[in-house]
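>>> show me how the following folds:
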Amino acid sequence: MAKSVYRAEASVSGGRVGHGASNDGVLDVELRRPPEMGGEGGGTNPEQLFAVGYAACFASALGVVARRQRVELGDVSVQSSVSLLTTEDRGYNVAVELHVSLPQIEDPERAAALVADTHQVCAYSNATRGNIDLTLTANGQDVAGRP
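Residues are numbered from 1 along each chain as shown. Below is the predicted model:
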């Protein structure tokens with residue numbers, strides 16, 4: 001049985017043109033459609049929030065994997081991109097790109113293996129596995145074909 005280690009709560013009014021806040025008041029954002037979707041911009045949107053959340057979760061999970069494997073990572077950065085897609089049945093889905101930079105890991109195979117292992121640990125990866133298109137790179141190299 002899964003054990004909950006943390007629970008986040010938030011509320012939104014108005015959808016993509018509204019307001020969102022976490023129950024503790026730390027996150028308090030105006031939600032706006034981006035100009036690319038016919039909106040006025042001037043606020044954040046679900047795709048931006050998802051991009052930040054996934055990148056932060058992945059970077060943290062990478063630290064967990066590195067500690068477990070006794071690897072010194074040094075500086076790490078995760079560049080994320082989330083695209084909103086239409087589906088054939090008039091629904092929506094997202095596609096994600098995560099580009100992981102591990103400057104102190106010079107061996108491309110080692111960097112790819114660390115990122116692939118992290119993809120198995122990251123909560124966002126586990127929650128979305130098989131449901132979205134994901135592009136995953138380590139130091140500019142594709143991590144495709146790994147578990």
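>>> the longest helix in this structure is where?
Ranked by residue count under DSSP state H, the longest helix found in the chain is helix 46-69.
>>> packing partners for it?
The contact analysis (3 or more CB pairs under 8 Å, 6 or more residues apart in numbering; DSSP states H and E) places helix 46-69 against strand 77-86, strand 92-101, helix 108-121, helix 123-128. (Glycine included, C-beta is placed from N, CA and C.)
>>> next one: it to chain centre, how far?
6 Å (CA atoms, centre = their mean, to the nearest Å).
>>> buried ones in it?
Judged by neighbour count using 16 or more other CB atoms under 10 Å, the buried positions of helix 46-69 are 47, 49-51, 54-55, 57-62, 65-66.
>>> hey, C-alpha coordinates of it in PDB?
What follows is helix 46-69, C-alpha atoms only, in PDB (Å, rounded to 0.1, in the frame of the first residue of the first chain):
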ATOM      1  CA  PRO A  46      -1.600  25.200 -16.700                       C
ATOM      2  CA  GLU A  47       1.100  24.200 -19.200                       C
ATOM      3  CA  GLN A  48       3.600  26.600 -17.600                       C
ATOM      4  CA  LEU A  49       2.700  25.300 -14.100                       C
ATOM      5  CA  PHE A  50       3.100  21.700 -15.300                       C
ATOM      6  CA  ALA A  51       6.400  22.500 -17.000                       C
ATOM      7  CA  VAL A  52       7.800  23.900 -13.700                       C
ATOM      8  CA  GLY A  53       6.400  21.100 -11.600                       C
ATOM      9  CA  TYR A  54       7.700  18.300 -13.800                       C
ATOM     10  CA  ALA A  55      11.200  19.900 -14.100                       C
ATOM     11  CA  ALA A  56      11.400  20.500 -10.300                       C
ATOM     12  CA  CYS A  57      10.300  16.900  -9.600                       C
ATOM     13  CA  PHE A  58      12.700  15.400 -12.100                       C
ATOM     14  CA  ALA A  59      15.700  17.500 -10.800                       C
ATOM     15  CA  SER A  60      14.800  16.300  -7.200                       C
ATOM     16  CA  ALA A  61      14.400  12.700  -8.300                       C
ATOM     17  CA  LEU A  62      17.800  13.000 -10.100                       C
ATOM     18  CA  GLY A  63      19.400  13.900  -6.700                       C
ATOM     19  CA  VAL A  64      17.800  10.900  -5.100                       C
ATOM     20  CA  VAL A  65      19.100   8.600  -7.800                       C
ATOM     21  CA  ALA A  66      22.500  10.100  -7.600                       C
ATOM     22  CA  ARG A  67      22.700   9.600  -3.900                       C
ATOM     23  CA  ARG A  68      21.500   6.000  -4.200                       C
ATOM     24  CA  GLN A  69      24.200   5.300  -6.800                       C
END
